[in-house]
Every structure is written in structure tokens, then in C-alpha cells.
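# Sharing a model prediction with you, sequence too.
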Amino acid sequence: MRTFNYIAPLAFALALTACGETTETEAGASSSGAVEAVEAPAGQKWSETVAKTEAGGVVMGNPDAPIKLVEYMSITCSHCKDFGEQAFAPLRDTYVESGRVSFEIRNFVRDPLDLTAALLSRCGGEAPFFPLTEQALGYQATMFEKAQGMGESTYSGILQSEPKVRFVRLAEQLGLIAFFQQRGISEDQAKACLADTAASEKLMNDTQKGAEEFNIEGTPTFLINGQKVEGTNWAMVETKLKEAGAR
């Protein structure tokens, strides 16, 4: 089980030390012929086919897609924010909709702020997970600003409070409850998700499993068909997708 530092100083919560510091590997998508497009069932779109995965992620697209892209990401990672801005639209509209590629996000929680936002991004279930995650990444700068404004004493006091109120209090300070309320997650629903200690433990344990199984050292880290690939930006990942046949 991963030990999570609930009482870390505020500087730790705002650090981006693990963000974008992935170890590039020689493993990756091998060159292959073009993969045929797969039509979605009548009346459906692959981008609206969303499900939870055994690894703890949420996947969008054809469940039998021959090319499976996984992103280990953190909502408090600036490089993940950049990737989302560059990649989410073309990934959805060009690659996922073709039925060739499925796209899975696995939260790799790095700090209490990240965990708080991740719990809320999952609060509405899998259907709104991708847009909520994209919008939470866009709120990153405001979240950091509010975190800095609360000061060390308030932050440490929150993290030493009871587990069922800890992330509720932190989300209130960060403006996250109001942020998600504007996006369809009611205040009561948000507080219930934040008080769910089993959900927070699962996110931390899934992070630990990912780190151990794939030697994840930073975010974002990408897998194509179970193999780590080089690159932390959309241009590099798109190249690997094309090499795998998504063209």
C-alpha cells in the first residue's frame, strides 16, 4: 500500500517535481500497416462509449480498438495540462471516433491537491469524466493560487483533520466544490465523494500499482498496447499512434 503524505508542507503540494520527468524508454509502438477504421454501432459514437477499467482508469472509445492508448496523468501537473490542451480534441475527434484507438486516463495522484481534484473529476461517474478532467486541468493555476493563499498553518491543519472532512475542507479552500458545482456536480454530491475514504485509498493504491508495474516516474506517461512510449507532448504521442497503424 502506498503511504500518502497527508501532512506534507504546502510547498510539497505545489511542487511539480514528478511532472514531466518521465524516463524515456526504447519500448514503444512498432511500425505497422494502417489499421482499418471500425464503425460504431448504429446511433452511437465511439467518443461517447466510456467505461471504467480494471486498472482504475476510465476509457473512451471502441472497447476492442486494436490500438489502446493509456495516459498516467496528474491534475496538478503542468505538462498534463499542456497535453490536454493539445491532444484531447484531436484524440477524440480523429482517433477515438475512427474506432482504431481507445484512450484511457489513469489518475496518478501526487499530492493532496491532486487527489482532491481527482476525486471530484470522478464524482459524476464515467460519462462526464473526460470533460471534467479537461476542465479541472484548466483550473490548475487558480487552484495553485488559492493553495498559496491559504498558508502553511491552514493547510497543515486541514491535512491533520479527520479523513471524512479532510478533502471537503481542502476543496472548499481551493474553490473546487463551487467549480464542479457549476459543471453539474451538486454540493452534497461533491462532499460525499470527498468524504469517501475507500475511493481515496483506491486512487492512491492504483497509483502505487502503476508506478510498480510500469516504472512510472513522472507524468504524463503514456502506454500504447501496454508498452511505455517516448514523449510527453501530443506531437510525439501522435507519431507513435501513427506508427502503430492509426493512420
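Thanks, I have it. Residues are numbered from 1 along each chain as shown.
# mind listing the helices in the chain by residue range?
10-14, 78-90, 112-121, 129-138, 140-159, 163-174, 176-181, 187-194, 197-214, 234-243 (DSSP state H).
# pLDDT of the third one, averaged?
With pLDDT averaged residue by residue, helix 112-121 scores 97.
# Listing request: residues of the protein with sub-threshold pLDDT.
For the chain, the stretches flagged by pLDDT under 70 are 1-18, 20-32.
# can you rerun that using 50?
Within the chain, the stretches with pLDDT under 50 are 1-17, 22-30.
# Hmm, Gly138 is touching Lys81, no?
Yes: under the criterion of CB atoms under 8 Å, Gly138 makes contact with Lys81 at 7.2 Å. (Each C-beta comes from the backbone N, C-alpha and C, glycine too.)
# More neighbours: these two, which one.
Taking neighbours as other CB atoms under 10 Å, Gly138 and Lys81 compare with Lys81 leading, 22 against 13.
# list the contacts for the more buried one?
By CB atoms under 8 Å, 6 or more residues apart in numbering, Lys81 lies in contact with 137-138, 140.
# Could you rerun that using 7 Å?
Lys81 makes contact with 137, 140 under the criterion CB atoms under 7 Å, 6 or more residues apart in numbering.
# repeat for the one 10 residues further on
For Leu91, the residues meeting the contact criterion (CB under 7 Å, 6+ apart) are Phe103.
# The same query, at a cut-off of 8 Å, please.
69, 101, 103.
# May I have the residues that are in contact with the second one?
This means Val101. With the criterion set at CB under 8 Å, 6+ apart, Val101 makes contact with 61-62, 65, 67-69, 91, 95, 241, 246.
# could you redo the last one with a cut-off of 6 Å?
Contact analysis of Val101 by CB atoms under 6 Å, 6 or more residues apart in numbering lists 65, 67, 69, 95, 246.
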